[in-house]
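In: Take a look and give me a structure for this.
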Amino acid sequence: MADVHDRTDDDAGTPRWAKVAGIIAAVLVLLFVVLMLTGGHGPGRHFAAGSAVAGLMNS
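Out: Modelled structure (predicted):
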């Protein structure tokens with residue numbers, strides 16, 4: 001009979017799908033933060049000084 005305490009790492013803890021989902025979410029958040037800090041992309045990029053929208057917003 002197998003001992004109840006003979007558990008491997010695969011039997012306990014967080015499921016693999018949850019670990020993978022967490023890693024993917026962390027990478028996406030990190031990518032978003034890097035892009036915002038470096039100015040690579042962001043909400044301000046869409047409102048250039050010479051655009052029609054910026055002109056309407058300043059009126």
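
In: Stretch 34-41 - what's its average pLDDT?
Out: Confidence for stretch 34-41, expressed as mean pLDDT, is 80.

In: Quick check: buried residues in it?
Out: Across stretch 34-41, burial judged by 16 or more other Cβ atoms under 10 Å covers no residue at all. Yep, even glycine has a C-beta here, placed from its N, CA and C like the rest.

In: can I get the CA coordinates of that stretch in CSV?
Out: C-alpha atoms of stretch 34-41 as CSV (Å, rounded to 0.1, in the frame of the first residue of the first chain):
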residue,chain,number,x,y,z
VAL,A,34,7.9,49.5,-19.9
LEU,A,35,6.1,51.0,-22.9
MET,A,36,4.5,53.7,-20.8
LEU,A,37,7.8,54.7,-19.1
THR,A,38,9.8,54.8,-22.4
GLY,A,39,7.1,56.7,-24.3
GLY,A,40,6.9,54.0,-26.9
HIS,A,41,3.1,54.1,-26.7
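
In: What separation do you get for Ile24 and Trp17?
Out: Per Cβ to Cβ, to the nearest Å, Ile24 is found 11 Å from Trp17.

In: so Ala12, which of the three states?
Out: In three-state terms, and counting by DSSP: H, G, I helix; E, B strand; the rest coil, Ala12 is coil.

In: That one: neighbour count?
Out: 7 (other Cβ atoms under 10 Å).

In: any low-confidence regions in the protein?
Out: Counting by pLDDT under 70, the chain shows low-confidence ranges at 1-11, 40-59.

In: mind running it again at 80?
Out: 1-12, 39-59 (pLDDT under 80).

In: how about the helix of greatest length in it: buried residues?
Out: If you go by DSSP state H, the chain has its longest helix at helix 16-38. Within helix 16-38, no residue is scored as buried using 16+ other Cβ under 10 Å.
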